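>>> build me a model from this:
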Amino acid sequence: MQIHAAGDPPIEDADPEPLTVLVVDDDRYIVEGLSDLLESEGYKVATATNGLDALDQLRRGLRPSVIVLDLMMPTMDGWGFRQEQMKDAELKEIPVVVMTAAGVSEGSVKTKFGDIEFLPKPSNDKAFLRAVRLRSGEATQ
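Residues are numbered from 1 along each chain as shown. Sure thing, here's the model as predicted:
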C-alpha cells in the first residue's frame, strides 16, 4: 500500500481522464458506429443530431477534445454550426473533423472552415481514428 504524506506531490492517476469526442450527425447508424469505434479506443463520446443541439451542449459547458461534424443535417447544418463556432471565442479553438457525403471538395471546405481535417463518407476506421488523434492532440499511431 502506498501512503501519501502531507506536502508530497500528488500521486499521478494511473488512468487519466479519457478524451471526449463530440459526434454531430443526424444519421443514428453513423453516430452509433462512430461512438462504438471511439469508445473501443478509450474515448468518451457525446452526440448531437444537428448543429443547434451541438452548440447548446457546448454553450452549457461541454468541452470535447475534437468535434466530428457532418455537413448535411436538419435544423442547423454543419456549415451553420461552424460559422457559429468560429464567432464564439470560447468555442472556436475546438478542433473539427468534417465527415461528409455532400459531394464537396476538401479544398472548398477548408477554404470556408479553416484548419480542419476532412474525410469523405464513407471513410475507413484507420483514417478516421488518425484524424481524431491528430486533431485531439494525441500522437498519430
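>>> any idea how far V132 is from S108?
Remark: distance between V132 and S108 (Cβ to Cβ, to the nearest Å) = 22 Å. Glycine gets a C-beta too; all of them are placed from N, C-alpha and C.
>>> kindly report the same for E32.
29 Å.
>>> try L71
Counting by Cβ to Cβ, the gap from L71 to S108 is 11 Å.
>>> show me where the protein has its helices.
Along the chain, counting by DSSP state H, helices occupy 28-40, 51-59, 78-87, 106-113, 125-136.
>>> got a markdown table for those, with distance to L119, mean pLDDT and mean neighbour count too?
Listed next are those as a markdown table, based on distance: least, Cβ to Cβ, whole Å; pLDDT from 0 to 100; neighbours: other Cβ atoms under 10 Å:
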| stretch | distance to L119 | mean pLDDT | mean neighbour count |
| --- | --- | --- | --- |
| helix 28-40 | 11 | 96 | 15 |
| helix 51-59 | 18 | 98 | 19 |
| helix 78-87 | 13 | 95 | 19 |
| helix 106-113 | 9 | 88 | 13 |
| helix 125-136 | 6 | 94 | 17 |
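>>> for P18, find the nearest of these.
helix 28-40 (9.0 Å; Cβ to Cβ).
>>> no further queries at this time; thank you.
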